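A.B. asks: Build me a structure from this.
(2 chains)
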Amino acid sequence: MTVRGERTYRLLLRAYPRSFRQRFEPEMIELFAARRAAVGRGWRARTGFWRSLLNDLARSAFRERFPPVTRQSRLFPWAHSHTTCARQRFQEIGIRMALGAQHLDIRRLIVGSGLMLTVTGVLIGIAGAYALGRYASSLLYEVTPADPMTYATLVAIVLASATLASWLPAGRALRVDPVRVLRSE
Amino acid sequence: MPSRSDDAARALLPLTPAVLHILLSLSAEDRHGLGIAADVKEFTRGRLVLGPGTLYGTVKRLLESGMLEDLGQPSSDDDDPRRRYYRITPLGRRALELETEGIESILNVARRRRVLRTS
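C.D. replies: Model prediction:
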């Protein structure tokens, strides 16, 4: 037997990723049904129930769809993508090492590809910022929209963090045992 | 000297209110999700009502971090087959101990400074 609103709730559960639904949907429906059955008949009680349910659903579904990343990634989002790229290349690195690549070659490969991506992004960003800067000039105080020091500082921060974000996982990748990688292939 | 398991538990601190209450509920016995929600509502006297999304989202993260163990579906025929039972792991229990020790020390200061009047 289904309680009132269960079909609606089932539809709303589509807000969650499929893997989450497959794992928890039956239990969530059970909890929903228990809560719904305990709600009084009054209009106010029903409205309150659905309001808190939708609030819970919106917040938790958002979190499941877009899980919070690490503090480092929140501060430097580009660093997160570099770290992830380097991790995903562990197998490739293991195979290259098994074929005789030197540590310096591997490091150059990882840091180089990371920096290439960053430099492209920085150039696009500078062009975009320069083009849009004049629209923000009324919001700026004691600084011009094309202030070279601001541009230089931001570019330096982005490049330094991108280098670090590629350098550190490159070091970890170099400790990969090529034999294990080849076996897992 | 803190052990390696202590370090692992410490790395999971501070616990969010939902995590703290779920672990506290499971510290007494293994429960299914509905049982956890009912227990939390009871021992907080209705101050914390875990919604389905918050409850199962937190359970998922606790399973991933190794603080909970999924015991699977009930063995008894009387129980609802949709249910899955959860158990707190030693890591989860240690994290709970460390968190509640921290809360206790704060409460002691609050009592000494007469912020909290109950003993």
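
A.B. asks: Look up which helix or strand the most centrally placed residue in chain B falls in, please.
C.D. replies: In chain B, the centroid-proximal residue (C-alpha atoms, centre = their mean) is residue B:23; its distance is 1.3 Å. Using DSSP states H and E, residue B:23 falls within helix B:17-26.

A.B. asks: Can you show me the CA trace of that helix as CSV?
C.D. replies: The C-alpha trace of helix B:17-26 is given here as CSV (Å, rounded to 0.1, in the frame of the first residue of the first chain):
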residue,chain,number,x,y,z
PRO,B,17,25.8,17.3,13.7
ALA,B,18,24.2,14.7,11.4
VAL,B,19,27.2,12.4,11.6
LEU,B,20,27.5,12.9,15.4
HIS,B,21,23.9,12.0,16.0
ILE,B,22,23.9,9.0,13.6
LEU,B,23,27.0,7.6,15.2
LEU,B,24,25.5,8.2,18.7
SER,B,25,22.4,6.3,17.7
LEU,B,26,24.4,3.4,16.3
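
A.B. asks: Let me know the next secondary structure element after it.
C.D. replies: Per DSSP H and E, the helix or strand that comes after helix B:17-26 is strand B:31-32.

A.B. asks: Just checking: what are the partner strands of that next one?
C.D. replies: Its sheet considered, strand B:31-32 pairs with strand B:85-88 (antiparallel) by DSSP bridges.

A.B. asks: The helix or strand following the partner strand: how far from the chain's middle?
C.D. replies: Next along the chain after strand B:85-88, taking DSSP H and E as the criterion, comes helix B:90-112. How far helix B:90-112 lies from its chain's middle: 13 Å, per C-alpha atoms, centre = their mean, to the nearest Å.

A.B. asks: quick one: buried residues of the helix or strand bottoming out on mean pLDDT in chain B?
C.D. replies: One helix or strand of chain B scores below all others by mean pLDDT, DSSP states H and E: helix B:4-10, with a mean of 81. For helix B:4-10, a neighbour-count test (16 or more other C-beta atoms under 10 Å in any protein chain shown) marks residue B:9 as buried. Glycine gets a C-beta too; all of them are placed from N, C-alpha and C.

A.B. asks: Tell me the predicted confidence for the nearest residue to residue A:150 once chain neighbours are set aside.
C.D. replies: In this structure, residue A:150 finds its nearest non-sequential neighbour in residue A:143, 6.5 Å apart by C-beta to C-beta, 6 or more residues apart in numbering or on different chains. pLDDT, residue A:143: 72.

A.B. asks: Next to chain A, which bits of chain B? Give me the list.
C.D. replies: Proximity of chain B to chain A (C-beta under 8 Å from any C-beta of the partner chain) is limited to residues B:32-34, B:37-38, B:49, B:51-57, B:59-60, B:80, B:82-84.

A.B. asks: does residue B:36 sit in a helix or strand, and which one?
C.D. replies: helix B:33-43.

A.B. asks: Could you pull out the strands in chain A for me?
C.D. replies: Here chain A has no strands by DSSP state E.

A.B. asks: could you say what helices and strands the longest helix seen in chain A packs with?
C.D. replies: The longest helix of chain A (DSSP state H) is helix A:103-136. Counting contacts by 3 or more C-beta pairs under 8 Å, 6 or more residues apart in numbering or on different chains; DSSP states H and E, helix A:103-136 packs against helix A:77-88, helix A:90-98, helix A:148-174.

A.B. asks: I'd say residue A:64 and residue A:18 touch.
C.D. replies: No. Assessed by C-beta atoms under 8 Å, residue A:64 is found out of contact with residue A:18, at 10.5 Å.

A.B. asks: And the two? Which one has more around it.
C.D. replies: Each of residue A:64 and residue A:18 has its neighbours counted (other C-beta atoms under 10 Å in any protein chain shown); residue A:64 has more, 20 against 9.
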